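Chemist: requesting a structural model of the entry that follows:
(chains A and B)
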There are 2 protein chains.
Amino acid sequence: MTEIDALPHPFDTAVTLTPAADGLLRGRTHPGYANMVGPFGGVTAAALLQAVLQHPDRLGDPLSLTVNYAGPVADGDFDITARPVRTNRTTQHWILELAQDGVVTTTATAVFGTRRDTWSDTEADMPQAPAPETVPAGGFPDFIRWARNYEMRFVEGPIPQEGDGEHPDSTSTLWMRETPPRPLDFPALTALCDAFYPRVFLRQGRYMAAGTVSLTIYFHTDAAELQSLPDGHVLGTARTHRFSRGYFDQSARLWSRTGTLLASTHQWVYFKD
Amino acid sequence: MTEIDALPHPFDTAVTLTPAADGLLRGRTHPGYANMVGPFGGVTAAALLQAVLQHPDRLGDPLSLTVNYAGPVADGDFDITARPVRTNRTTQHWILELAQDGVVTTTATAVFGTRRDTWSDTEADMPQAPAPETVPAGGFPDFIRWARNYEMRFVEGPIPQEGDGEHPDSTSTLWMRETPPRPLDFPALTALCDAFYPRVFLRQGRYMAAGTVSLTIYFHTDAAELQSLPDGHVLGTARTHRFSRGYFDQSARLWSRTGTLLASTHQWVYFKD
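Modeler: Down below sits the predicted model:
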């Protein structure tokens, strides 16, 4: 291992939580994961998941996570409370809050649990896409600081450029990978679930104010399956069902390059046109 | 109005909450909405939404709701706590818990808010289906008590019958309506979002132990649009993306007969085969 490899990956720094008084976990926003206003929502979601992952009472792997973005997160320290509300034989339910100076900015619920072998089948089709190495990287403008931590290779539905008009559908499909590369674990997968740009930009062919209100992730994969993946390339595909009166939904699926459906994720987004 | 019309609809009785000590809201399970074990999850979700709807500090209409079924709800009284964690100018975030004798059985988060006119478009296609009046009602066995409160008219993917084998896909599409009829409001729409039977039954051609772990609803509609619907018929379509190691996801959309996408909903379900 060279010295450079020994440095922590910026993502690990961004989701580092340190036990503080009253059972709180203290984190700090990372300038490398800044969004237009406050941090990238994906890294906030990952920090909330991390709070459960490192909790001594945790049972099993994440099954589902819902994060509600109640208010802006300011640059600086934040505190997470993670409360195991109920622990059953195979599942465990958590309520989480992220606060700054005592003001709640983000709430979440998570379900963790153990899995066992059953009949299994992936019914959804992975979108057709050329190998990631053959798709040019790029797409996010440089001023979106957090996106510099990801290689994005758009197969369909890239971010609109100046002069692009309206687009008939809201689907984007892209290869995503952390840069520098890093093994894909649950926090990283969580952040990738929020890496799709707002679908209204694509439909309208322009940027506007928009932000996630609530994000839900279903983890179809377990830790062993994640560890067995050949690399960190993930194919994501996202679309909207209805835009109406300042809000829209956005549903996405994330696949390994080997065709494993890793997560399905849904979010509710506000926009101002 | 005849005397029989003046009786409360059983659904209204099932979601009636009465203020109790310590800011709690007291409800009671309704025998008419019993499931195999405990109450129908849809009516529990509706009661949690109702707790916000009748709260004096509520802002606007529901935008999103996530309900986590942490443990079984026993027949009898239950208490709901509804806490407005953060109120912004146009959105409001809630954390809810449902408990019996102090033991939490269900948690939830909800986002409420106001809407304003913007560019709007429904991108998803409503499934093709004949008019509800031309589709025979039936499908759920009589011992599923809660289902007797709904007319179900399956267009595709009915509940498997004895001797049905495996089925290649998990899609069900059906007309649903409360019986006796009742105006479609947010609690009723919430309950309908959980009225799809577990997709694994359809794929495997048989019943097995299965239950919702977490349910999320995005409300695409507002109160005025709901009130303008010609009747309570809702076309629902549901499918699964991946079944794996004891769990699967289930995504659904609910449409008015006039082609309005009312809600999209997703859930995480456990099963034992």
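Chemist: all contacts plus neighbour counts: C-alpha atoms, from now on.
Modeler: Will do.
Chemist: per-residue pLDDT, the residue lying closest to A:Leu25 once chain neighbours are set aside?
Modeler: Among residues not flanking A:Leu25 along the chain, A:Pro19 sits closest, at 4.6 Å (Cα to Cα, 6 or more residues apart in numbering or on different chains). For A:Pro19, the pLDDT comes out at 96.
Chemist: burial count for A:Gln227?
Modeler: For A:Gln227, the count of nearby residues is 12 (other Cα atoms under 10 Å in any protein chain shown).
Chemist: sorry, back to before: just give the number of residues close to the residue nearest to A:Leu25.
Modeler: 13.
Chemist: and A:Thr109, by the same measure?
Modeler: Neighbourhood size, A:Thr109 [other Cα under 10 Å]: 29.
Chemist: do I have it right that it meets A:Ile95?
Modeler: Yes - if you go by Cα atoms under 8 Å, A:Thr109 and A:Ile95 touch, sitting 4.6 Å apart.
Chemist: ok, back up a step: distance of the residue nearest to A:Leu25 relative to chain B?
Modeler: A:Pro19 sits 23 Å away from chain B, going by Cα to the nearest Cα, to the nearest Å.
Chemist: next, the residue nearest the centre of chain A: secondary structure please.
Modeler: Central residue of chain A (Cα atoms, centre = their mean): A:Ala191, 2.4 Å from the mean position. With DSSP: H, G, I helix; E, B strand; the rest coil as the basis, A:Ala191 sits in helix.
Chemist: can you name the residues that contact the closest residue to it other than its chain neighbours?
Modeler: The shortest distance from A:Ala191 to any non-neighbouring residue, by Cα to Cα, 6+ apart, is to A:Gly42 (3.8 Å). The contact partners of A:Gly42, taken as Cα atoms under 8 Å, 6 or more residues apart in numbering or on different chains, are A:Thr190, A:Ala191, A:Leu192, A:Cys193, A:Asp194, A:Ala195.
Chemist: looks like the fifth one contacts A:Gly41 (just checking).
Modeler: In this case it means A:Asp194. Yes - A:Asp194 is in contact with A:Gly41 according to Cα under 8 Å; the separation is 6.7 Å.
Chemist: tell me which of those two has more neighbours.
Modeler: Set side by side, A:Asp194 and A:Gly41 show more neighbours around A:Gly41, with 28 against 24, by other Cα under 10 Å.
Chemist: what mean pLDDT does stretch A:231-243 have?
Modeler: The model assigns stretch A:231-243 a mean pLDDT of 97.
Chemist: how about stretch A:199-219?
Modeler: 97.
Chemist: anything in that stretch near chain B?
Modeler: Yes - counting by Cα under 8 Å from any Cα of the partner chain, chain B has neighbours in stretch A:199-219: A:Ser214, A:Thr216, A:Tyr218.
Chemist: list the buried residues for that stretch?
Modeler: A:199-207, A:210-219 (16 or more other Cα atoms under 10 Å in any protein chain shown).
Chemist: so after the lengthiest helix in chain A, what's the next helix or strand?
Modeler: Longest helix in chain A by number of residues, with DSSP state H as the criterion: helix A:41-53. Following helix A:41-53 in sequence order, the next helix or strand is strand A:61-69 (DSSP states H and E).
Chemist: does chain B sit close to that next one?
Modeler: Yes - under the criterion of Cα under 8 Å from any Cα, chain B is reached by strand A:61-69 at A:Ser64, A:Thr66, A:Asn68.
Chemist: and those residues, which of them are buried?
Modeler: Applying 16+ other Cα under 10 Å to the residues of strand A:61-69 next to chain B flags A:Ser64, A:Thr66, A:Asn68 as buried.
Chemist: for A:Asp22, grab the count of nearby residues.
Modeler: So A:Asp22, with other Cα under 10 Å, has 7 neighbours.
Chemist: I misspoke; the intended subject was A:Gln128.
Modeler: So A:Gln128, with other Cα under 10 Å, has 9 neighbours.
Chemist: any idea how far it is from A:Arg177?
Modeler: Per Cα to Cα, to the nearest Å, A:Gln128 is found 18 Å from A:Arg177.
Chemist: tell me where the stretch 1-150 of chain A has helices.
Modeler: Ranges of helices within the stretch 1-150 of chain A are A:3-6, A:10-14, A:41-53, based on DSSP state H, counting those that start in this stretch.
Chemist: for the stretch 1-150 of chain A, give me the ranges with low pLDDT.
Modeler: Filtered on pLDDT under 70, the stretch 1-150 of chain A yields the residue ranges A:1-6.
Chemist: go again using 50 as the cut-off
Modeler: A:1-2 (pLDDT under 50).
Chemist: can you name the residues of it that neighbour chain B?
Modeler: Close to chain B, as judged by Cα under 8 Å from any Cα, the stretch 1-150 of chain A has residues A:64, A:66, A:68, A:70-71, A:85-86, A:88, A:92-93, A:104-105, A:108-109, A:111, A:115-124.
Chemist: buried members of those into PyMOL, please.
Modeler: What follows is the PyMOL syntax selecting those of those that are buried according to 16+ other Cα under 10 Å:
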select buried, chain A and resi 64+66+68+70+71+85+86+92+93+104+105+108+109+111+115+122+123
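Chemist: filter the residues of the stretch 1-150 of chain A next to chain B down to the ones in strands?
Modeler: Mapping the residues of the stretch 1-150 of chain A next to chain B onto strands (DSSP state E) picks out A:64, A:66, A:68, A:85-86, A:92-93, A:104-105, A:108-109, A:111, A:121-122.
Chemist: A:Met58 touches A:Val52, doesn't it?
Modeler: Rather than Met, residue A:58 is Arg. Yes - if you go by Cα under 8 Å, A:Arg58 and A:Val52 touch, sitting 6.4 Å apart.
Chemist: and those two? Which one has more around it.
Modeler: A side-by-side neighbour count of A:Arg58 and A:Val52, using other Cα under 10 Å, places A:Val52 first with 24 against 19.
Chemist: how close does the residue nearest to A:Gln100 when sequence neighbours are not counted get to A:Pro8?
Modeler: Setting aside the residues directly before and after it, A:Gln100 is nearest to A:Phe78 in space (Cα to Cα, 6+ apart), at 4.9 Å. Going from A:Phe78 to A:Pro8 by Cα to Cα gives 20 Å.
Chemist: who has more neighbours, those two?
Modeler: A:Phe78 (22 against 9).
Chemist: enumerate every residue touching that one.
Modeler: Going by Cα under 8 Å, 6+ apart, A:Phe78 touches A:Arg26, A:Gly27, A:Arg28, A:Thr29, A:Leu98, A:Ala99, A:Gln100, A:Asp101.
Chemist: try it again with 7 Å
Modeler: When contacts are counted by Cα atoms under 7 Å, 6 or more residues apart in numbering or on different chains, A:Phe78 touches A:Arg26, A:Gly27, A:Arg28, A:Leu98, A:Ala99, A:Gln100.
Chemist: is it bridged to anything, and to what?
Modeler: On the basis of DSSP bridges, A:Phe78 takes part in beta bridges with A:Gly27.
Chemist: surely A:Pro132 is in contact with A:Thr173?
Modeler: No - A:Pro132 is beyond contact range of A:Thr173, at 11.6 Å (criterion: Cα atoms under 7 Å).
Chemist: between those two, which one's more packed in?
Modeler: A:Thr173 (24 against 21).
Chemist: list the neighbouring strands of the helix or strand where that one lies plus their orientation.
Modeler: Using DSSP H and E, the element containing A:Thr173 is strand A:172-178. When pairing is defined by DSSP bridges, strand A:172-178 lines up against strand A:150-156 (antiparallel), strand A:234-239 (antiparallel).
Chemist: find the nearest non-adjacent residue to A:Ile144, please.
Modeler: A:Asn35 (5.7 Å).
Chemist: number of residues surrounding the one you found?
Modeler: Quick note: A:Asn35 (other Cα under 10 Å) scores 15 neighbours.
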